[in-house]
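Q: Test case, fold it:
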Amino acid sequence: MAIYEVVVGCQGHPSVQAVYARVRRRFPGVSPATVYAALNLFAELGLVQEVSGPVRRYDGRAGRHLNLVCERCGAVVDVTDRRLAALERAAVAQTRFQVRAARFELHGLCARCQQTSGGRRR
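A: Here you go, the predicted model:
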């Protein structure tokens, strides 16, 4: 539960290492393997969302939203748009696909990284 609370209670998108560090403050005996296993289970159950990118991060935010992931610095920005739910419903209606999980991500460069690189990708 402490692992779950860290992810859900975090304003951002913590990495596995950040979750481990926070949980370890309360439970010094916790192992990194336990944190990895718990986060993978929570993601599989749909309780948290894994965010792909240069560093594995987790999103405890409930509800459909879009994650903008910077390929350079790893920043993740949440964008809420009710059209995501409509898009999902339309895809399901068209294909009769049974959705068990959804992840909406766009990858690119954040504004800060664009300024430092002139907009070029690495």
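
Q: got a list of contacts for stretch 98-118?
A: With CB atoms under 8 Å, 6 or more residues apart in numbering as the test, stretch 98-118 has contacts from 46, 49-53, 64-73, 75, 77, 84, 88, 91-92, 119, 121. Yep, even glycine has a C-beta here, placed from its N, CA and C like the rest.

Q: Quick check: which element contains residue 105?
A: Per DSSP states H and E: residue 105 is located in strand 104-108.

Q: just how off-centre is the following helix or strand past that strand within its chain?
A: Using DSSP H and E, the helix or strand that directly follows strand 104-108 along the chain is helix 111-117. Distance of helix 111-117 from the chain centroid (CA atoms, centre = their mean, to the nearest Å) equals 22 Å.

Q: Would you mind writing the CA trace of helix 111-117 as PDB?
A: Taking Å, rounded to 0.1, in the frame of the first residue of the first chain, the C-alpha atoms of helix 111-117 are listed here in PDB:
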ATOM      1  CA  ALA A 111       9.400  23.600 -24.900                       C
ATOM      2  CA  ARG A 112      12.500  23.900 -22.700                       C
ATOM      3  CA  CYS A 113      14.400  21.200 -24.700                       C
ATOM      4  CA  GLN A 114      13.300  22.800 -28.000                       C
ATOM      5  CA  GLN A 115      14.900  26.100 -26.800                       C
ATOM      6  CA  THR A 116      18.100  24.500 -25.800                       C
ATOM      7  CA  SER A 117      18.500  22.400 -29.000                       C
END
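
Q: Check the secondary structure at residue 17 for me.
A: With DSSP: H, G, I helix; E, B strand; the rest coil as the basis, residue 17 sits in helix.

Q: Run a quick neighbour tally on it.
A: 12 (other CB atoms under 10 Å).

Q: just residue 24 next, same as before
A: 15.

Q: now swap in residue 35 and tell me
A: Quick note: residue 35 (other CB under 10 Å) scores 21 neighbours.
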